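# quick check, what structure comes out for this input:
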Amino acid sequence: MGNFISNTRYCYPYEKPSELNWQNYIQQCSIHYEEKLKELFSSSFKGKIVEWEGQVVKVHQDHVTFQMIPSDCFWKNTDLVLFTDPKLPPPSSRFTRKRVVKIRGILEAYGHHSNHELREVPMTENNPVNLSIPYSDYLFHFGLLAQRLANYNHLHYWNAKEITFSGKYTSVPTLQISKESTVPPNFYSVSFQPTYPQETENEPVQIEFSVKDKTAFKRIEREYSTHETVTVTATCTKRGASAHIFRLPPPLDVSDDLLLQGTEPTGPMPQTADEPPSRRNLYFGIAIGTTVAVAIGVAAYIKLKPL
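Residues are numbered from 1 along each chain as shown. Okay, the predicted model is just below:
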């Protein structure tokens, strides 16, 4: 059973960030976005009387499902559930499948992606309509696309982009993988608390960096121990449920970095494949000497062999 109404698709007005900075990132990708939606509905929409237009999809004994105008349902063919008033005539006598009608009701809940809930009220002067909430404005806040807005923004505008932000490290680097981290075994992860706009905003960050980047490891250890505020430039990789995941750029020359540092953060650095110059020279001398000795022996054998 497909959609009935044509040319009534709701188009969300996505907004590309004017600048790739931390302030704009938090506005578009806050980890509290879904929580703030719930607060917004409770404070500004729940209990309001609205009058909207939709097409009847199915009539039940105590409720009717609709595809609204405009609609933003994709894999389901219903946007809204109207719980009918038991004091009014039964739904089967008042609603006909595929017919477009106006409905009036009290906003009770926004659905998870679809099937928002209205409690029907009679269309009388005793139930005045809040004209400031047309259905298109409601979709701007609570429709399928709106509920996914923070993830959409991250994927289309911020993923793999470098952002600069300030704050403090709140842990030492560790190889332990948290459920929100994308850390592969060869990456360290460290907790970071940005200080903009203020620490109470609580937008924690997990910063990942290569285990081969000894310079970063030592710098972060020092900055964590001194509790100093630092500025970090890192690539955005994931918007987690409890933390934003960023990754530091890899060291410019890993091999030189390893040789200069000389030790692993957690113990001695493993011996590299390259041998010291003195040992290489010794091996080269032995090889040359062996070759010369063999050549002399062969020449002597040929000279002494009778014709």
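# go ahead and confirm Cys236 touches Glu208.
No: using CB atoms under 8 Å, Cys236 is not in contact with Glu208, being 11.4 Å away. Any C-beta I mention is one placed from the backbone N, CA and C, and that applies to glycine too.
# surely Tyr188 is within a strand?
Yes: Tyr188: assigned to a strand according to DSSP: H, G, I helix; E, B strand; the rest coil.
# measure the residue nearest to it when sequence neighbours are not counted to Ile31 for me?
Spatially, and ignoring its direct neighbours in sequence, Tyr188 is nearest to Pro173 (3.9 Å; CB to CB, 6 or more residues apart in numbering). Going from Pro173 to Ile31 by CB to CB, to the nearest Å gives 22 Å.
# before we move on, what about Pro251?
29 Å.
# then Arg9?
30 Å.
# and the residue positioned nearest the centre of the chain, bridged to which residues?
Computing the C-alpha centroid of the chain and ranking residues by CA atoms, centre = their mean puts Arg239 first, at 2.3 Å. Arg239 has these beta-bridge partners by DSSP bridges: His244.
# just the strands in the stretch 1-150 of the chain please.
For the stretch 1-150 of the chain, the strands defined by DSSP state E, counting those that start in this stretch cover 49-59, 63-68, 80-83, 100-109, 116-120.
# domains of this structure?
Following automatic domain parsing, one gets these domains for the chain: 22-150, 159-264.
# and those domains, which one's lowest on average pLDDT?
When the domains of the chain are compared on average pLDDT, domain 159-264 comes out lowest at a mean of 82.
# show me how far that one is from its chain's centre.
Centroid separation for domain 159-264 versus its chain: 17 Å, with CA atoms, centre = their mean, to the nearest Å.
# tell me how far Lys98 lies from Val56.
Here the criterion is CB to CB. By it, Lys98 lies 6 Å from Val56.
# neighbour count for those two, which is higher?
Each of Lys98 and Val56 has its neighbours counted (other CB atoms under 10 Å); Val56 has more, 21 against 10.
# beta partners of that one?
Phe66.
# got a list of what it touches?
Contacts for Val56 (CB atoms under 8 Å, 6 or more residues apart in numbering) come out as Val64, Thr65, Phe66, Phe95, Thr96, Arg97, Lys98, Arg99, Val100, Val101.
# weed out the non-buried ones from those.
Val64, Thr65, Phe66, Phe95 (16 or more other CB atoms under 10 Å).
# quick revisit: higher neighbour count, Arg9 and Ile31?
With neighbours defined as other CB under 10 Å, Arg9 and Ile31 compare such that Ile31 has more, 19 against 12.
# quick one, phi/psi of Ala216?
Note on Ala216: backbone dihedrals following degrees, to the nearest 10 are phi -60, psi -40.
# ok, it touching Pro249?
No: contact criterion CB under 8 Å: Ala216 and Pro249 do not qualify, at 9.5 Å.
# compare those two (neighbour count), which wins?
Counted by other CB under 10 Å, Ala216 and Pro249 do not tie: Ala216 has more neighbours, with 21 against 13.
# how about the contacts made by the closest residue to that one other than its chain neighbours?
Leaving aside its sequence neighbours, Ala216 sits nearest to Phe209 (CB to CB, 6+ apart; 4.9 Å). By CB under 8 Å, 6+ apart, Phe209 lies in contact with Pro173, Phe187, Tyr188, Val190, Ala216, Phe217, Ile220, Arg247, Leu248.
# just flag the most distant two among those.
Phe217 and Arg247 (14.4 Å; CB to CB).
# may I see the buried residues of stretch 87-94?
Pro91.
# same check, this time on stretch 114-126
In terms of neighbour count (16+ other CB under 10 Å), stretch 114-126 has its buried residues at Ser114, Asn115, His116, Glu117, Leu118, Arg119, Glu120, Val121.
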